[in-house]
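**Student:** Build me a model from this:
(one chain, ligands or ions: 2)
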Amino acid sequence: MSESLSDVLALPDWGMGFSEKLIIAGPCSAESPQQLMETAAGLEGSGHQVLRAGIWKPRTRPGSFEGVGDIGLPWLRQAGNKSNCLVTTEVANPRHLNLALEAGVDIIWIGARTTVNPFAVQELADTLSGIDIPVLVKNPVNPDLNLWIGALERLHHAGLKRIGAIHRGFSTYGDTEYRNRPNWDLPLELKRRFPQLPLICDPSHICGRRDTLQYVAQKSMDLNFDGLMLEVHSDPDKALSDAQQQITPRGFKELLSDLVIRRTGKGEQLVESSLNEMRGRIDQMDRQILALLASRMEVVRDIGDFKRLHDITIYQADRWDKVRQDRLALGKAMGLSKSFLEQHCNNVLKESIRHQTRVMNESVEKYLKP
Ligand code: PEP
Ligand code: MN
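**Tutor:** Numbering: from 1, shown residues only. Ligands and ions are numbered 1, 2, ... in the order given. Model prediction:
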């Protein structure tokens, strides 16, 4: 079922002139006609194709600025017309959607707080049925890849072909260096499963601050994302929402000009042959690592058998603690990161316990028969 999502269109086939990367810029929220006009004017010539602005803002706590509402739609459309770019806004329900369509919004996006709710996404999909408009789906606030895919599928089943995904990070509890943790493995897995699906990055909501935007934007380009959505405001410090993460049009231009857009190298003979040679070495090492892990598990099973014969518990905290300390120190000295080593140790522990549990609970002969 989910594989049918594979026939969505890649960006160049959207017919909107997105040949390389899709760049969306504009304020978190539309605040006034002047603010939108000024921001759009400042952005001219910066290389973006789409102007963004939130009209209805999903805020965490009531009482904060909740968007200017319906009156902002013509402001956005006019600012787009004036600066000759497409416009996009967030919709959370069929009313928003119908108003946005009537106002001539070119691209719709579904926000992170809406993607989490299959009822809400289905209502939007039903309303979009038969309408050919590009829709971008932000990841749900929680790191649930299937929920993200489910939202994309609902739109696809409604007949939409120009669908894309926006990675805006995942919410966390407590202070972290990110406002929304990127968990890059999730969007990369999405891209692995649906290589055609345009995937763009929203560094503004990942970072929640200005000084790390460049780093996250660059990282997404290095991971071969298809574009960026960035919050840009004519006077960021006075923004009514998300002030800390918004940048000026000038800052945006600098960010884009410092960005290195790398090639995949596909079809380039020299690149491919050098990469293939190095990748061949990695393939061989991976085979050795797996063979070693398998031998390690053989010893683990022997120990399990010994423990079974002598009625000894599988898990012994002090032994495991020592192993962990030793491997962490060893790996660290070899230049491996603490979090990688911790994950590796935990995986090995879990797998060892699984093997020994089987040895303990079945006869050895039965276990040895695969
Ligand atoms: C936004 O783009 O301003 C927004 C509300 O984003 P998100 O849905 O990612 O929180
Ligand atoms: Mn915002």
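**Student:** how about the residues of the stretch 101-250 of the chain that lie near ligand 2?
**Tutor:** Residues of the stretch 101-250 of the chain lying close to ligand 2 (C-beta under 5 Å from the ion) are D242. In this view, the C-beta of every residue, glycine as well, is placed from N, C-alpha and C.
**Student:** Minimum distance to ligand 2, which residue of this protein gives it?
**Tutor:** Among residues of the chain, the one nearest ligand 2 by C-beta to the ion turns out to be C28. It sits 3.3 Å away.
**Student:** tell me the contacts of that residue?
**Tutor:** C28 makes contact with 53-54, 57, 204, 231, 233, 239, 241-242, 245-246, according to C-beta atoms under 8 Å, 6 or more residues apart in numbering.
**Student:** Which of those fall in strands?
**Tutor:** E231 (DSSP state E).
**Student:** need the contacts of C28 in a markdown table with neighbour count and pLDDT, can you?
**Tutor:** Shown next, in a markdown table, are these (neighbours: other C-beta atoms under 10 Å; pLDDT from 0 to 100):
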| residue | neighbour count | pLDDT |
| --- | --- | --- |
| A53 | 29 | 98 |
| G54 | 26 | 98 |
| K57 | 20 | 93 |
| S204 | 29 | 98 |
| E231 | 28 | 98 |
| H233 | 31 | 98 |
| A239 | 20 | 97 |
| S241 | 19 | 94 |
| D242 | 20 | 95 |
| Q245 | 23 | 98 |
| Q246 | 27 | 98 |
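**Student:** give me the residue from the protein nearest ligand 1.
**Tutor:** Using C-beta to the nearest ligand atom, G111 is the residue of the chain that sits closest to ligand 1, at 3.1 Å.
**Student:** give me the element the residue nearest to P58 when sequence neighbours are not counted is part of.
**Tutor:** Distance criterion C-beta to C-beta, 6 or more residues apart in numbering; nearest residue to P58, sequence neighbours excluded, is R113 at 4.6 Å. Under the criterion DSSP states H and E, the helix or strand holding R113 is helix 112-115.
**Student:** and that helix, what does it pack onto?
**Tutor:** Helix 112-115 makes packing contacts with helix 118-128, strand 135-138, helix 145-157 when contacts are defined by 3 or more C-beta pairs under 8 Å, 6 or more residues apart in numbering; DSSP states H and E.
**Student:** Export it to PDB, keeping only CA atoms.
**Tutor:** Taking Å, rounded to 0.1, in the frame of the first residue of the first chain, the C-alpha atoms of helix 112-115 are listed here in PDB:
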ATOM      1  CA  ALA A 112       3.500  19.500  12.300                       C
ATOM      2  CA  ARG A 113       0.600  19.800  14.800                       C
ATOM      3  CA  THR A 114      -1.800  18.800  12.100                       C
ATOM      4  CA  THR A 115       0.200  15.900  10.600                       C
END
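**Student:** does the residue of the chain closest to ligand 1 really touch A92, like I thought?
**Tutor:** Yes - if you go by C-beta atoms under 8 Å, G111 and A92 touch, sitting 6.3 Å apart.
**Student:** and the two? which has more neighbours close in?
**Tutor:** Under the neighbour definition other C-beta atoms under 10 Å, G111 and A92 were set side by side, and G111 has more, 22 against 19.
**Student:** The closest residue to that one other than its chain neighbours and L186, how far apart?
**Tutor:** Leaving aside its chain neighbours, G111 sits nearest to E90 (4.7 Å; criterion: C-beta to C-beta, 6+ apart). In this structure, E90 and L186 are 21 Å apart, going by C-beta to C-beta, to the nearest Å.
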